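**Q** Need coordinates for the following:
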Amino acid sequence: MPEISFCFFRFGLSNKFEAEFPSSLTGKVAPEEFKASISRVNSCLKKNLPVNVRWLLCGCLCCCCTLGCSMWPVICLSKRTRRSIEKLLEWENNRLYHKLCLHWRLSKRKCETNNMMEYVS
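**A** Numbering: from 1, shown residues only. The predicted structure follows:
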């Protein structure tokens, strides 16, 4: 199964999945279904990113005064975003991909371009 990757940086800053249809999925899943699934994941990320950025800025501004404790909400929001994407992928698996003998999940790996961690599906 091909890897579809997106960087999911610490403290909840993330970008999005690439919606380009991988050639290795040709004949296994319809491009429209793939694009719809990616679109749902991207909308989940888009919904959570502004909140995470606001908390990150607030946490950075208050970090010295709170001895780093102001960063906890950002870490919790990042975990919540990851869990919501995992739930969405599980729903997608149950709805379509398990019937096609495919399985989507998130797994961690180091980004190739920097020291951040990324999640791949």
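**Q** Follow the chain on from the host helix or strand of Gly59 and name the next helix or strand.
**A** In this structure, Gly59 is located in helix 31-66 according to DSSP states H and E. As assigned by DSSP H and E, the chain's next helix or strand after helix 31-66 is helix 72-92.
**Q** Quick one: mean pLDDT for that next one?
**A** Computed over helix 72-92, the mean pLDDT rounds to 84.
**Q** got the angle for it vs helix 31-66?
**A** In terms of direction (axes from the mean of the first three to the mean of the last three CA atoms, to 10 degrees), helix 72-92 departs from helix 31-66 by 170 degrees.
**Q** helices and strands around helix 72-92, which ones?
**A** helix 31-66 (3 or more CB pairs under 8 Å, 6 or more residues apart in numbering; DSSP states H and E). Every C-beta, even on glycine, is put in place using the N, C-alpha and C of the backbone.
**Q** Tell me the buried residues in the helix it packs on?
**A** 33-34, 37-38, 41-42, 44-45, 48-49, 52, 55-56, 59 (16 or more other CB atoms under 10 Å).
**Q** what does stretch 24-33 give?
**A** Leu25, Val29, Glu33.
**Q** low-scoring stretches of this protein, by residue?
**A** 1-15, 52, 109-121 (pLDDT under 70).
**Q** In three-state terms, how would Lys108 be classified?
**A** strand (DSSP: H, G, I helix; E, B strand; the rest coil).
**Q** how much space between it and Lys79?
**A** 13 Å (CB to CB, to the nearest Å).
**Q** quick revisit: looking at the buried residues of stretch 24-33, which one is closest to Pro73?
**A** Glu33 (36.0 Å; CB to CB).
**Q** Ser78 - how many residues pack around it?
**A** Ser78: 21 surrounding residues under other CB atoms under 10 Å.
**Q** repeat for the one 10 residues further on
**A** Close neighbours of Leu88, defined as other CB under 10 Å, add up to 16.
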